[in-house]
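J.: Below is the sequence, then the predicted model.
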Amino acid sequence: MARQIIQPAAAPNIEKVRTPAEALQISRPNSLSAQQIYKRDAPAVVYIQAGQGSGSGFVISKKGEILTNAHVVGSSSKVQVTFADGQQRIGLVRASDRSLDVALIKISDPVKVQPIKIGSSSKLQVGQVALAIGNPFGLEQTLTVGIISALKRSIQGLDGYTVPNAIQTDAAINPGNSGGPLLDSQGRVVGINTQILTGGGKGSVGIGFAVPINAIKASLAGLRSGQVSRPAWLGITGLTVDNRVRQKLKLPKSLSGVLVQAVAPGSPAAKAKIKSGEIITSFDGHKIIEIDQIPQLVATLQPGQIVKVKLLSSNGSERTIKVTLTARPRPSPDS
């Protein structure tokens, strides 16, 4: 049995250790409690069944629009949507963006529930409170509370490309939470829960990822029209130049950048004659320190834009080239 230490209440300079739910009460001046957020937002979180799969989603408009993950709906054109009160509706899948793992569902009847407010992911900070509502393992209307654990993570989308700027959270996310909202302390959506690390098991180990809502908002017009635009593409795989790489290649200790390992045939990088073994030290005016910066920067650009890239060759010579970005190739149906 662990030894219990009782601290006198009057002891000076002792700050109470708060649970995430308690921290929610003091995180921001206009924060809502977890109970308030759940009472207001949970009715707009739905359970989605598509073929053999299932997951979560949430209502974003009175017109019956629902956001979820593309991997939740799969190839289905129709899904069953179950609301918190048990009412069921048939939803039509308007469009899916496999690059962001997001899909838009539309039910024919106007919804009675209050849509969840869409927030912003641009000013998130590590340590702020995060809440997830969903249907883990089919357990409807489950609330979990944690924090934003990290920002600007890179995860893999359904099309095999990188989804940049993913949000990492320790709010418990499990199978069935996919497609549900990640909320801030005002109950606004800041991300869509999409992936977890399991450590070899089947459940949460406190490392979950959400696609940032700002990326979803940029894709929403295309989802509504059924014409999803393809993101910009550079076409390289690379490796951060760290101490191990510096030692192996006998590079200066002060050198930072990304070592190009492979260049996709026909890609913008290939057309600009970027070569395997070169080191990208600057991209579009930004100093490059690690590999995750490349997809994050490309994600802010559009196909057709021209960027300057500074490269260092293996013999120490430097050059600056212009690269015209193109749209990502369309994924194959099986990807």
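T.: Yep, that arrived.
J.: from here on, contacts and neighbour counts on C-alpha atoms
T.: Noted.
J.: end-to-end on stretch 178-187?
T.: Criterion CA to CA, to the nearest Å; first-to-last residue distance in stretch 178-187 is 18 Å.
J.: List the contacts of that stretch.
T.: 24, 27-28, 30-33, 37, 41, 45, 55-58, 67-69, 72, 102, 116-117, 128-134, 189-195, 210 (CA atoms under 8 Å, 6 or more residues apart in numbering).
J.: same deal with stretch 302-322?
T.: 231-233, 272, 277-285, 323-327.
J.: Buried ones among the contacts of stretch 178-187?
T.: Buried by 16 or more other CA atoms under 10 Å: 24, 27, 31-33, 37, 41, 45, 55-58, 67-69, 72, 102, 116, 128-134, 189-195, 210, out of these.
J.: So which of those sit within strands?
T.: 45, 55-58, 67-68, 102, 129-134, 189-195, 210 (DSSP state E).
J.: Could you pull up the residues touching Asn174?
T.: Per CA under 8 Å, 6+ apart, neighbours of Asn174: 136-137, 196, 203-204.
J.: Point out where the protein drops to low pLDDT.
T.: For the chain, the stretches flagged by pLDDT under 70 are 1-29, 331-335.
J.: Which strand runs longest in it?
T.: strand 142-156.
J.: What are the contacting residues of that one?
T.: 20-21, 34, 38, 124-136, 162-173, 292, 296.
J.: Mind listing the strands it pairs with, and their directions?
T.: strand 129-134 (antiparallel), strand 162-169 (antiparallel) (DSSP bridges).
J.: Can you spell out which helices and strands pack onto the helix ranked longest in the chain?
T.: The longest helix of the chain (DSSP state H) is helix 213-225. Other helices and strands packing on helix 213-225, by 3 or more CA pairs under 8 Å, 6 or more residues apart in numbering; DSSP states H and E, are strand 88-97, strand 102-107, strand 189-196.
J.: Distance to Ser256 for those - can I get that in JSON lines?
T.: Output for these, formatted as JSON lines (distance: least, CA to CA, whole Å):
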{"stretch": "strand 88-97", "distance to Ser256": "34"}
{"stretch": "strand 102-107", "distance to Ser256": "35"}
{"stretch": "strand 189-196", "distance to Ser256": "30"}
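J.: For this protein, just list every one of the helices.
T.: Using DSSP H, helices in the chain cover 20-27, 34-41, 70-73, 213-225, 243-249, 268-271, 293-298.
J.: got the angle for the fourth one vs strand 88-97?
T.: Using axes from the mean of the first three to the mean of the last three CA atoms, to 10 degrees, one finds that helix 213-225 and strand 88-97 are set 110 degrees apart in direction.
J.: Tell me the buried residues in helix 213-225?
T.: Quick answer for helix 213-225 (16+ other CA under 10 Å): 213-216, 219-220, 222-224.
J.: and which of the residues you listed is nearest to Val260?
T.: Ala215 (26.6 Å; CA to CA).
J.: what's the closest non-adjacent residue to the closest one?
T.: With sequence-adjacent residues excluded and distances taken as CA to CA, 6 or more residues apart in numbering, Ala215 is closest to Leu100, at 7.8 Å.
J.: Now do the domain split for the protein, please.
T.: Domains of the chain are assigned by automatic domain parsing as 33-107, 129-225, 232-327.
J.: quick check, distance from the first one to the centre of its chain.
T.: What it means is domain 33-107. 17 Å (CA atoms, centre = their mean, to the nearest Å).
J.: and what of the second one?
T.: Remark: domain 129-225 is offset 6 Å from the chain centroid, using CA atoms, centre = their mean.
J.: What separates the first and last residues of that domain, distance-wise?
T.: So domain 129-225: terminal residues 34 Å apart, CA to CA.
J.: Now restrict the contacts of Asn174 to buried residues only.
T.: When those are checked against 16+ other CA under 10 Å, the ones flagged as buried are 136, 196, 203-204.
J.: Can you pick out the most distant pair from the residues you listed?
T.: Pro136 and Ile196 (12.1 Å).
J.: can you list residues touching both of those two?
T.: 173-174.
J.: so the residue nearest to Leu67 when sequence neighbours are not counted bridges to which residues?
T.: Among residues not flanking Leu67 along the chain, Leu104 sits closest, at 4.9 Å (CA to CA, 6+ apart). With DSSP bridges as the criterion, Leu104 is bridged to Leu67, Ala95.
J.: Fine, thanks again, bye for now.
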